[in-house]
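S.K.: Any chance you can model this:
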Amino acid sequence: MMRDHLHYHVSGNKSHPAFNRVVVFIAIMSVFSHASALTLAEAENIALGNDPLMESHKAVARAWNNDAVADNQLPDPKLLMGLSNVPVDSLSLSQEPMTQLIFGVQQSFPKGDSLELKQVQSEWQGKAELAKAAERQVSVKRTIREDFLNLYYQIEAVRIIHRSRKLFSQLVDITEAHYASGRVNQQDVLSAELELSRLDDRAIKIQTEEDMLRSKLEQWLGEAAWQPIDLDFPQLPQVLNIDDLNVLITNHPAIAIETAKLQASKQGVAIANQQYKSAWGLGLEYRKRFGENPDSSDRTDMVAAMVTLDIPLFTENRQDKRVAASEEKMMAVRLARDDKLRNLKQIYDSSQIKIKKLDERHRKYKTDLIISAESNTKAALKAYQSGVTEFTSLMRAHITELDIRLSDLRVRVDRALAMTQLLYVTGEE
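M.R.: Numbering: from 1, shown residues only. Now for the predicted structure:
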């Protein structure tokens, strides 16, 4: 390439101030690349450690588990105390033989197996929250990996442009020297300076994208989002070995959420069916009597026991509707689960296709396009120095090589992004 033929030199009047900031940033990153560079794995750990929503789901799960214990307990007994049959004319407790001071206790028993079913329902709702925490974990990992990979692309793209800018700057110097000696016209000089300015603008745009990505990562990583990142290509974990995709997807946290919801809905249907049964209650009373019998003996105290029983006779607009509503809710959850299964399957299939095609493109760039672009640039330089071709051909060759290198970087990053989607579906080793 040109560095084989030219000495590196950049004139002070050809450095764009904004681009100089980019160069300084790259230099700082290079100094700290091995000391304090942020790796993808470190970014994931920071994000997962700082995620309040995951802990929120776990707290809700603990709440449901506590509710489950309480749901299977009988209602609190009721204590009764009062006066019965007190005459209003005298308010005397001993005047009438029917006057009684009553102490009693009542205990109600809900319909059928309602308590046990409510306990199981709460347990499933707690499992749904734990599944949400697990799904949140894999979702956060996917988000961090996507943002980190895109950030890596922006930083590496600026480095590629920076290397190319050195060569473009040399071309400007050569063109100015040729113009001074009368070998080229002024248009070549202006074209060279224009391309250099366009390259600076390109780098500034990429730097803007980098800042936006770092700002996006800041919500997860805090100040660590502004650290230099590891300049080695981010490494992703290995995908789990897949024996049966359908079984694997069924165990995905997103599906586990819907499965737990479905089980809770089934318990809701069973609870609604319990409403056709009778609730019942048991009561026991002690009745204290005052005064004396005609023979001057004390009046005898009394006890009473009773049983109450619901009679569900009119079920059309209550029990029947409750059961129908519960069944519809269960159907809605089942359909939502089926939709998520299809979505995960689609992500898996599309990711596999992308990875396969991007592998083919990467091999093409590695074995053909980059080598051809380098050879084309060298040939264009020799031809220009020999006066065989015009300056525009030389510039076009350099721009083509730059575009191919950026495209190759984009292909590698896009493949990693597709792998990130695949890892979300399948899990990792």
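
S.K.: tell me the mean pLDDT over stretch 198-210?
M.R.: Summarised as a single mean, pLDDT over stretch 198-210 is 90.

S.K.: Repeat that for stretch 55-72.
M.R.: In the prediction, stretch 55-72 has an average pLDDT of 95.

S.K.: buried set for that stretch?
M.R.: For stretch 55-72, burial by neighbour count (16 or more other Cβ atoms under 10 Å) applies to 57-58, 60-61, 64-65, 67-68, 71. Heads up, the C-betas are built off the backbone N, CA and C, glycines and all.

S.K.: cool, and stretch 40-53?
M.R.: 40, 42-44, 46-47, 51.

S.K.: Kindly indicate which of these lies nearest Gln352.
M.R.: Leu40 (22.0 Å; Cβ to Cβ).

S.K.: quick one on the thing from earlier: same list (the buried residues of stretch 55-72) but as JSON lines, adding distance to Ile257 and secondary structure.
M.R.: Shown next, in JSON lines, are these (distance: Cβ to Cβ, whole Å; DSSP: H, G, I helix; E, B strand; the rest coil):
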{"residue": "His57", "distance to Ile257": "10", "secondary structure": "helix"}
{"residue": "Lys58", "distance to Ile257": "14", "secondary structure": "helix"}
{"residue": "Val60", "distance to Ile257": "12", "secondary structure": "helix"}
{"residue": "Ala61", "distance to Ile257": "12", "secondary structure": "helix"}
{"residue": "Trp64", "distance to Ile257": "13", "secondary structure": "helix"}
{"residue": "Asn65", "distance to Ile257": "17", "secondary structure": "helix"}
{"residue": "Asp67", "distance to Ile257": "18", "secondary structure": "helix"}
{"residue": "Ala68", "distance to Ile257": "18", "secondary structure": "helix"}
{"residue": "Asp71", "distance to Ile257": "21", "secondary structure": "helix"}
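
S.K.: Grab the longest helix from the protein for me.
M.R.: Taking DSSP state H as the assignment, the helix of the chain that covers the most residues is helix 114-180.

S.K.: got the angle for whatever helix or strand comes next after it vs helix 114-180?
M.R.: The helix or strand immediately downstream of helix 114-180 is helix 186-221, counting by DSSP states H and E. Relative orientation of helix 186-221 and helix 114-180, computed by axes from the mean of the first three to the mean of the last three Cα atoms, to 10 degrees: 160 degrees.

S.K.: so after helix 186-221, what's the next helix or strand?
M.R.: Following helix 186-221 toward the C-terminus (DSSP H and E): helix 245-250.

S.K.: Tell me how far that next one lies from the chain's centre.
M.R.: 20 Å (Cα atoms, centre = their mean, to the nearest Å).

S.K.: Can I get it as CSV, trimmed to CA atoms?
M.R.: Extracted in CSV, the C-alpha atoms of helix 245-250 (Å, rounded to 0.1, in the frame of the first residue of the first chain):
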residue,chain,number,x,y,z
LEU,A,245,-35.4,-27.1,19.5
ASN,A,246,-39.0,-27.4,20.6
VAL,A,247,-38.1,-28.7,24.1
LEU,A,248,-35.3,-26.0,24.4
ILE,A,249,-37.7,-23.2,23.5
THR,A,250,-40.3,-24.5,25.8
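
S.K.: Tell me which other helices or strands it touches.
M.R.: Helices and strands touching helix 245-250, by 3 or more Cβ pairs under 8 Å, 6 or more residues apart in numbering; DSSP states H and E, are helix 319-364.

S.K.: tell me the mean pLDDT over the helix it packs on?
M.R.: On average, helix 319-364 scores 96.

S.K.: what packs against it?
M.R.: helix 245-250, helix 253-274, helix 391-426.

S.K.: picking up where we left off before, from the buried residues of stretch 55-72, which is closest to Arg142?
M.R.: Nearest to Arg142 among the buried residues of stretch 55-72, with distances taken as Cβ to Cβ, is His57, at 16.9 Å.

S.K.: ok, for the closest one, nearest residue in space, not its chain neighbours?
M.R.: Ala133 (3.9 Å; Cβ to Cβ, 6 or more residues apart in numbering).

S.K.: Quick check: the one you found vs Ile347, distance?
M.R.: To Ile347, Ala133 is 21 Å away according to Cβ to Cβ, to the nearest Å.

S.K.: Pick out whichever of those two has more residues nearby.
M.R.: The neighbour count for Ala133 versus Ile347, taken as other Cβ atoms under 10 Å, is higher for Ala133 (20 against 17).

S.K.: Report pLDDT for that one.
M.R.: 96.

S.K.: Let's verify Arg287: helix, strand, or coil?
M.R.: strand (DSSP: H, G, I helix; E, B strand; the rest coil).

S.K.: What separation is there between it and Ile206?
M.R.: From Arg287 to Ile206 the distance is 91 Å (Cβ to Cβ).

S.K.: Pull the number of nearby residues for Ala416.
M.R.: Ala416 has 23 nearby residues by other Cβ under 10 Å.

S.K.: In this structure, what helix or strand scores lowest on average pLDDT?
M.R.: When each helix and strand of the chain is scored by mean pLDDT, DSSP states H and E, helix 17-32 comes last, with a mean of 49.
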